[in-house]
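In: when you get a sec, could you give me coordinates for this:
(2 chains)
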Amino acid sequence: MALDAAIAMPADWRDFLALTKPRVMSLAVFTALCGMLVAPEPIHPTLGLAAIIAIALGAGASGALNQWLEADIDGKMRRTASRPLPAGRMERASALHFGVGLGVFAVLLLGVATNWLAAGALAVSILYYLFVYTAWLKTRTPHNIVIGGAAGAFPPLIGWAAAMGDLRWGAGIAPSLPWLLFLLIFLWTPPHFWSLSLFVRTDYANAGIPMLPVVAGEAVTRRQILLYTLPMAAAAMAPWALGLSGALYGAAAAILTAAFVVLAAQVAFRKAETDDAMAPEKRLFAFSIAYLFILFSAIVADHMLAA
Amino acid sequence: MSDTPPFDMPPFDMDEYRRRQAARTRVMGLGLLALAVLIFFVTIAKMGLAQP
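Out: Now for the predicted structure:
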């Protein structure tokens, strides 16, 4: 056998890093850190650091296993065609082994460093993202991102659980702070992803993914963006309204959420044929990322000022 | 059937192969070292918390 056929070029380590979706990971790590920092009982700094590393590795495992499952779909979309698997820079088995190994290690590390409730929540979030969102919903229903969005909402719960060792709901119908943060990300996800899917609609259509603009059209998607923004706004104001945060967070949430609603309304009421290269949709998408970062920073700052 | 590769197949780059293997080994080594240090400090922290 020729040498060329016997040896396959190993993937570069940067490709393994790309497999973990570092940008998505950064949002998960940040919201988990915020969940940890707003917990009433402070966590030991070393254990907190270990927990954050474990959550980052868990998020990376989710990204790797997602790319392993979706290699064929990624190859059909311009936005994802250059990822290591569709570009042919890595074998699929390598991505699977890397993702499973990273995920198992992340859960064990979190369990050993903090507690098994947090580790269990991390395991559930990885499995939910992989099986419920990626394998089941994403290619079957335009509501994929509504139900599947829960996967991205887990990190503040995991951060809180790592510090507190419990995830109690709250009193009556009023959720506790970690569940409110979960709800906020859960309701933020549809307007965030639908604004993206409006300007990469062709990509999703080519790949056969039934995102809302592909299945129901632009007009319905625009209305749904605004409709989901309203309960998201309520969830954003709830920590202040329920007395779980102070005036600093209340003011930040009011200003930022008002801006979000205005941007969502611009997307909802605009004429589809306007030739502006989807500027309002891109603006809303970019703002939605900053919105979550600033809002979570505000709740941490508010908590630290009150302490 | 001949064992010789088709004419349009690029020659196997053994230097690149070795470079990638060495880089992966270095990254893996650093990761394991960081892990060992982390586990050490986690153990110290947990022992400290366990003391009354």
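In: what about whichever residue of the stretch 51-200 of chain A sits closest to chain B, how many residues nearby?
Out: In the stretch 51-200 of chain A, the residue found nearest to chain B is A:Ala113; the distance is 5.0 Å by CB to the nearest CB. The C-beta positions use only the backbone N, C-alpha and C, and glycine is treated the same way. Applying other CB atoms under 10 Å in any protein chain shown, we find 28 residues neighbouring A:Ala113.
In: and it, how far from A:Ala174?
Out: To A:Ala174, A:Ala113 is 31 Å away according to CB to CB, to the nearest Å.
In: repeat for A:Ala290
Out: Separation of A:Ala290 from A:Ala174 (CB to CB): 28 Å.
In: swap in B:Tyr17?
Out: The spacing between B:Tyr17 and A:Ala174, counted by CB to CB, is 60 Å.
In: what of A:Arg283?
Out: 34 Å.
In: I'd say the residue of the stretch 51-200 of chain A closest to chain B and A:Leu47 touch.
Out: Yes. Applying CB atoms under 8 Å as the test, A:Ala113 and A:Leu47 come out as touching, 5.2 Å apart.
In: shared neighbours, those two?
Out: Residues touching both A:Ala113 and A:Leu47 (CB atoms under 8 Å, 6 or more residues apart in numbering or on different chains) are A:Ala162, B:Val42, B:Lys46.
In: by neighbour count, which of those residues wins?
Out: Neighbour counts for those peak at A:Ala162, which has 29 neighbours (criterion: other CB under 10 Å).
In: show me the shaky parts of the stretch 201-307 of chain A.
Out: Along the stretch 201-307 of chain A, segments meeting pLDDT under 70 span A:272-275.
In: in it, what residue is nearest chain B?
Out: For the stretch 201-307 of chain A, CB to the nearest CB, closest residue to chain B: A:Ala307, 20.6 Å.
In: and for that residue, the neighbour number?
Out: By other CB under 10 Å, the residues close to A:Ala307 number 7.
In: count of residues packed around the closest residue to A:Leu230 other than its chain neighbours?
Out: In this structure, A:Leu230 finds its nearest non-sequential neighbour in A:Val261, 7.6 Å apart by CB to CB, 6 or more residues apart in numbering or on different chains. Neighbourhood size, A:Val261 [other CB under 10 Å]: 17.
In: quick check, A:Val261 in contact with A:Ala233.
Out: Yes. Using CB under 8 Å, A:Val261 is in contact with A:Ala233, at 6.0 Å.
In: which parts of chain B are helices?
Out: B:14-50 (DSSP state H).
In: where does pLDDT dip in it?
Out: Scanning chain B for pLDDT under 70 picks out B:1-9.
In: which parts of it sit against chain A?
Out: B:3-5, B:9, B:11-13, B:16-17, B:20-21, B:23-24, B:27, B:38, B:41-42, B:44-46, B:48-49 (CB under 8 Å from any CB of the partner chain).
In: spatially nearest residue to the residue of chain A found nearest chain B (excluding sequence neighbours)?
Out: For chain A and chain B, the shortest gap (CB to the nearest CB) falls at A:Thr46, measuring 4.1 Å. Distances taken as CB to CB, 6+ apart place B:Ala45 nearest to A:Thr46, at 4.1 Å, with adjacent residues excluded.
In: give the burial count for the one you found, as a bare number.
Out: Residues near B:Ala45, counting by other CB under 10 Å, number 19.
In: on that earlier part again, a markdown table for the shared contacts of A:Ala113 and A:Leu47, including distance to A:Phe182?
Out: Output for the shared contacts of A:Ala113 and A:Leu47, formatted as a markdown table (distance: CB to CB, whole Å):
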| residue | distance to A:Phe182 |
| --- | --- |
| A:Ala162 | 15 |
| B:Val42 | 27 |
| B:Lys46 | 28 |
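In: so which of the residues you listed is the closest to A:Thr139?
Out: Closest approach to A:Thr139 among the shared contacts of A:Ala113 and A:Leu47 (CB to CB): A:Ala162, at 33.2 Å.
In: I'd say that closest one and A:Ala118 touch.
Out: Yes. Using CB under 8 Å, A:Ala162 is in contact with A:Ala118, at 4.1 Å.
In: so what sits against both of those two?
Out: Jointly contacting A:Ala162 and A:Ala118 under the rule CB under 8 Å, 6+ apart are A:Ala51, A:Leu110.
In: what's residue 13 in contact with, if anything?
Out: This is for chain A. Applying CB under 8 Å, 6+ apart, one finds that A:Trp13 lies in contact with B:Arg20, B:Ala23, B:Arg24, B:Val27.
In: wrong chain, I was asking about chain B
Out: B:Asp13 neighbours (CB under 8 Å, 6+ apart): A:Met9.
In: repeat that with 6 Å
Out: Under the criterion of CB atoms under 6 Å, 6 or more residues apart in numbering or on different chains, B:Asp13 has no neighbours.
In: same thing with A:Thr80?
Out: So A:Thr80 contacts A:Asp74 (CB under 6 Å, 6+ apart).
In: wait, is it part of a helix?
Out: No. Under DSSP: H, G, I helix; E, B strand; the rest coil, A:Thr80 sits outside any helix and is assigned coil.
In: how about the strands in the stretch 201-307 of chain A?
Out: Assigned by DSSP state E, counting those that start in this stretch, the stretch 201-307 of chain A shows no strands.
In: what are the ranges of the helices in it?
Out: Remark: helices assigned in the stretch 201-307 of chain A by DSSP state H, counting those that start in this stretch are A:201-207, A:212-215, A:218-241, A:247-268, A:279-306.
In: having no further points to raise, I will conclude here.
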